[in-house]
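>>> give me coordinates for this.
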Amino acid sequence: MPLVPVPSSQAVVGVVIGIGLAKGAKSVNYSVLGKISMGWVSTPVIAAIISFVSLFFIQKVFKIRFSCSVLISWLG
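As a prediction, this is how the structure comes out:
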């Protein structure tokens with residue numbers, strides 16, 4: 001199993017779901033579980049869209065073209 005960093009909120013939700021499943025599958029509120037899962041899936045997608053729009057805006061308004069060499073030189 002790969003060692004991947006997991007946010008504490010995901011760990012807590014996983015523990016709560018695990019305890020609920022241990023008590024019986026009927027004790028898990030699947031509508032809430034679905035909402036949490038949708039949040040985990042939609043957050044990176046929304047962040048990617050915001051990043052794309054922001055980069056597009058910066059490039060058009062300030063007429064700056066970003067490339068890997070420019071970003072590397074900025075980082076040091």
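
>>> helix, strand or coil for Val4?
coil (DSSP: H, G, I helix; E, B strand; the rest coil).

>>> from Ala11, how far out is it?
Distance from Val4 to Ala11, counting by Cβ to Cβ, to the nearest Å: 12 Å. In short, each C-beta sits where N, CA and C put it, glycine included.

>>> between the two, which has more neighbouring residues?
Neighbour count, other Cβ atoms under 10 Å: between Val4 and Ala11, Ala11 has more, with 10 against 5.

>>> tell me the secondary structure at Val32.
Quick answer, by three-state DSSP: Val32 is helix.

>>> if I look at it, how far off is Val41?
Taking Cβ to Cβ, one finds Val32 at 15 Å from Val41.

>>> shaky segments in this protein?
1-2, 66-68, 70-72, 74-76 (pLDDT under 70).

>>> for Val28, which non-adjacent residue is closest in space?
Excluding the flanking residues, the one nearest Val28 by Cβ to Cβ, 6 or more residues apart in numbering is Gly20, at 4.1 Å.

>>> how many other residues sit next to that neighbour?
There are 16 residues near Gly20, going by other Cβ under 10 Å.

>>> can I get the helix or strand that contains it as CSV, trimmed to CA atoms?
Using DSSP states H and E, Gly20 sits within helix 8-23. Provided in CSV are the C-alpha atoms of helix 8-23 (Å, rounded to 0.1, in the frame of the first residue of the first chain):
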residue,chain,number,x,y,z
SER,A,8,-7.0,14.8,9.0
SER,A,9,-10.6,15.5,7.8
GLN,A,10,-10.5,12.5,5.5
ALA,A,11,-9.0,10.3,8.2
VAL,A,12,-11.7,11.3,10.7
VAL,A,13,-14.5,10.7,8.1
GLY,A,14,-12.9,7.3,7.3
VAL,A,15,-12.9,6.3,10.9
VAL,A,16,-16.5,7.4,11.5
ILE,A,17,-17.6,5.4,8.4
GLY,A,18,-15.5,2.4,9.5
ILE,A,19,-17.1,2.4,13.0
GLY,A,20,-20.6,2.8,11.4
LEU,A,21,-19.9,-0.2,9.1
ALA,A,22,-18.6,-2.2,12.1
LYS,A,23,-21.9,-1.6,13.9
